[in-house]
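Enquirer: need coordinates for the below:
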Amino acid sequence: MYELSVSRDFVAQHYLTVPEPGPVEGEPHSHHYEVDVRFSGPDLNEYGYLVDIDAVEAALDDLTARYRDELLNDLPAFEGNPSVERFARIFADAVAERLDAPAPDRLSVRMWEDDIAWASYERSL
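Expert: Below you'll find the model as predicted:
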């Protein structure tokens, strides 16, 4: 099984909409998100790639530009509570949409919202 990973970081804001989120989480605040996008699959393409790193970097640059310095609550995809778990799924789906005919079988996104907490989402391609 082959794996390939590319990562990026960016700052975005959110506030939680759960009952009694606490004084910090209920108010708009920033997170320095770090995202690791990992592909896996049993085969390489005709050029010996699992996935073209340049294409992955372009997709991640596009997505980090989309979310950088945004208040996630203002974006329709985050309707409801903009948790880091939901963000990992949204990010994974957006990466999958931006790649043409990827060779990998699986895509996993691990997203840190700070130095000690992360969430991940895995899907098939």
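Enquirer: quick one: the residue lying farthest from the centre of the chain from A103, how far?
Expert: Going by CA atoms, centre = their mean, the residue of the chain most distant from its centre is E46, 27.7 Å out. Remark: distance between E46 and A103 (CB to CB, to the nearest Å) = 9 Å. Placement of C-beta: from N, CA and C, glycine included.
Enquirer: which residues does the residue nearest the centre of the chain contact?
Expert: The residue lying closest to the centre of the chain (CA atoms, centre = their mean) is F91, at 3.5 Å. Listed by CB atoms under 8 Å, 6 or more residues apart in numbering, the contact set of F91 reads V35, V37, L63, V109, M111, Y121.
Enquirer: and these, which are buried?
Expert: Among these, those classed as buried by 16 or more other CB atoms under 10 Å are V35, V37, L63, V109, M111, Y121.
Enquirer: so which of those residues are in strands?
Expert: V35, V37, V109, M111, Y121 (DSSP state E).
Enquirer: one step back: so where does the residue nearest to the centre of the chain fall, helix or strand?
Expert: Secondary structure from DSSP states H and E places F91 in helix 84-98.
Enquirer: and that helix, what's buried?
Expert: V84, R86, F87, A88, R89, I90, F91, A92, A94, V95, A96.
Enquirer: and the helices in the protein?
Expert: 53-67, 84-98 (DSSP state H).
Enquirer: that older thread, next one: the residue nearest to the centre of the chain from M1, what distance?
Expert: 23 Å.
Enquirer: thank you kindly, that will do.
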